[in-house]
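> Let me see the structure of the following:
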Amino acid sequence: MRDVEGLCVQVIHRSALKLSYHEREDLLAYLLALTWELSERFQPGGISFCSYATTTLRLRVIDWQRSRNGRTVWKFAGHTYERPRPKLVSLDADDPNGNRLVETLGGSSLDGDASGFAADVRDLAARGRRPRRRDDWMGDEAA
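Numbers count the residues shown, from 1 in each chain. Below is the predicted model of the structure:
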């Protein structure tokens, strides 16, 4: 293969992704490094290295996207599930967008009165107890 970078650029172009200049350069560097790894594992005999690399690189473009953005869509035979992207919340008091951690978590029981927090602790304690044994509810006459 004479032009590995040209092959990687072609794979990126065929993917039809809308990437910024920096994302495109990052993906190109990732694919170039991956092509080097593929060349070390390739065993001649079946298909050409160019075909092997092209097929593998196309699949790795998807892996690169998922590693950067996370997976948000799962498609099954009967339905498609799409997970909404996480919403980032600023810890700064002077966030220009108005998103603040205080407003997001303000309604939790830790910020409420002491009785609400105490109820939450009691619920956790009840869930943490060991389950009752048979002897506990049947009495001594069962033995």
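> in the helix or strand containing residue 52, what's buried?
Applying DSSP states H and E as the criterion places residue 52 in helix 49-69. In terms of neighbour count (16 or more other C-beta atoms under 10 Å), helix 49-69 has its buried residues at 52, 53, 54, 56, 57, 60, 61, 64, 65. C-beta coordinates here come from the backbone N, C-alpha and C atoms, glycine included.
> What of stretch 37-47?
So stretch 37-47, judged by 16+ other C-beta under 10 Å, has buried residues residue 38.
> ok, residues contacting that stretch?
With contact meaning C-beta atoms under 8 Å, 6 or more residues apart in numbering, stretch 37-47 is reached by 49, 52, 53, 56, 57.
> which one of these is nearest residue 10?
Ranked by distance to residue 10 (C-beta to C-beta), the contacts of stretch 37-47 are led by residue 57 at 9.3 Å.
> my guess is the closest one meets residue 8, correct?
Yes - contact criterion C-beta atoms under 8 Å: residue 57 and residue 8 qualify, at 6.6 Å.
> Now for those two: what residues contact both?
Common neighbours of residue 57 and residue 8 (C-beta under 8 Å, 6+ apart) are 31, 35.
> Please read off the pLDDT at residue 5 from the model.
On pLDDT, residue 5 comes in at 91.
> Show me the strands in this structure, by range?
For the chain, strands defined by DSSP state E occupy the ranges 73-75, 80-82.
> Same list (these) but as CSV, adding mean neighbour count and distance to residue 20.
Formatted as CSV, the strands of the chain follow (neighbours: other C-beta atoms under 10 Å; distance: least, C-beta to C-beta, whole Å):
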stretch, mean neighbour count, distance to residue 20
strand 73-75, 9, 22
strand 80-82, 9, 24
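> Can you lay out the ones you listed as CSV showing mean pLDDT?
As requested, the strands of the chain are exported to CSV (pLDDT from 0 to 100):
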stretch, mean pLDDT
strand 73-75, 82
strand 80-82, 86
